[in-house]
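# what follows is a protein structure lacking sequence information:
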């Protein structure tokens, strides 16, 4: 949504009725999700997020996601990527699910460091930063291909 609004003002692109409807749908959907979301537990340290990220369920999810993304990038994207926009969007969305966890950890690390509890001493913090950068750059690459 932000991209379409910026494209309208910066690049002087016209935003048609369908684009406006899409932006409104995104806003309404986001508001509904936020209003109905359960209360969230705020982690006390990056170590706590690391403990959650190394649970067998999340490791299975992350491994499956990475394996499926690798299969799509190596086998499907070269053949069908230029013909079907959903290939790139699927890669980007799958990568985004892993980006959320790492950005959450980085945000908690920044907040706790500013509160006086230095989280930069933990190697897990740097690993989360590395994952966030790799995922973010990869997402930008595939969004650009879209």
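Perfect, I can see it now. These numbers were taken from a predicted model, which means no experiment stands behind them.
# which helix is the longest one in the protein?
Criterion DSSP state H: the longest helix present in the chain is helix 85-114.
# residues making contact with stretch 51-70?
Here stretch 51-70 makes contact (Cβ atoms under 8 Å, 6 or more residues apart in numbering) with 43, 91, 94-95, 97-98, 101, 105. Bear in mind the C-beta positions are built from the backbone N, C-alpha and C, glycine included.
# list the buried residues for that stretch?
53, 62, 69 (16 or more other Cβ atoms under 10 Å).
# how about low-confidence regions in this structure?
Applying pLDDT under 70 to the chain flags the ranges 1-2, 4-5.
# against residue 142, how distant is the one residue sitting closest to the centre of the chain?
In the chain, the residue lying closest to the centroid (Cα atoms, centre = their mean) is residue 96, at 2.7 Å. The gap separating residue 96 from residue 142 is 10 Å, by Cβ to Cβ, to the nearest Å.
# same question for residue 89.
Computed as Cβ to Cβ, the residue 89 to residue 142 distance reads 8 Å.
# can you check residue 14 too?
Residue 14 sits 26 Å away from residue 142, going by Cβ to Cβ.
# what does residue 90 give?
Look at residue 90 and residue 142: by Cβ to Cβ, they are 9 Å apart.
# more crowded one of the two?
Between residue 90 and residue 142, residue 142 has the larger neighbour count (other Cβ atoms under 10 Å), namely 21 against 17.
# for that one, pull up the helix or strand it's in.
helix 123-145 (DSSP states H and E).
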